[in-house]
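**Student:** Quick one, fold the following:
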Amino acid sequence: CKNDTTVNVRYSKYFVEMIRRGGQYAYLHLFPSGGHSAWDAGANTTFTSPLGTQITLSASKYEAFLFVNRFN
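**Tutor:** Numbers count the residues shown, from 1 in each chain. Below is the predicted model:
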């Protein structure tokens, strides 16, 4: 999150840049607030699982889920 006082955002940007320079895919989505607890940032998102159950996650967890799923 942009207001993270534990780890400055510039280090996250640097980390992503180094991954890209190594030829790998990296993506950084900065949330405007939430401090160091990015997993809990953003509004909740509800979606239907492949089994038909409703799952509710914070927006950042859902985004991480979509990112990992693209390699499936």
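**Student:** Now Y14: which helix or strand?
**Tutor:** Counting by DSSP states H and E, the element that carries Y14 is helix 9-21.
**Student:** Quick one: mean pLDDT over that helix.
**Tutor:** Confidence over helix 9-21 (mean pLDDT, whole number) is 94.
**Student:** What are the buried residues along that helix?
**Tutor:** If you call a residue buried by 16 or more other Cβ atoms under 10 Å, then helix 9-21 has no buried ones at all. Every C-beta, even on glycine, is put in place using the N, C-alpha and C of the backbone.
**Student:** could I get it in PDB with only the CA atoms?
**Tutor:** This file holds the C-alpha atoms of helix 9-21, laid out as PDB (Å, rounded to 0.1, in the frame of the first residue of the first chain):
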ATOM      1  CA  VAL A   9       7.000   1.500  -1.700                       C
ATOM      2  CA  ARG A  10      10.200   2.200  -3.600                       C
ATOM      3  CA  TYR A  11      11.600  -1.200  -2.400                       C
ATOM      4  CA  SER A  12       8.500  -3.000  -3.800                       C
ATOM      5  CA  LYS A  13       8.900  -1.200  -7.100                       C
ATOM      6  CA  TYR A  14      12.600  -2.100  -7.100                       C
ATOM      7  CA  PHE A  15      11.900  -5.700  -6.400                       C
ATOM      8  CA  VAL A  16       9.400  -5.900  -9.200                       C
ATOM      9  CA  GLU A  17      11.900  -4.200 -11.600                       C
ATOM     10  CA  MET A  18      14.600  -6.800 -10.700                       C
ATOM     11  CA  ILE A  19      12.200  -9.600 -11.400                       C
ATOM     12  CA  ARG A  20      11.300  -8.100 -14.800                       C
ATOM     13  CA  ARG A  21      15.000  -7.600 -15.600                       C
END
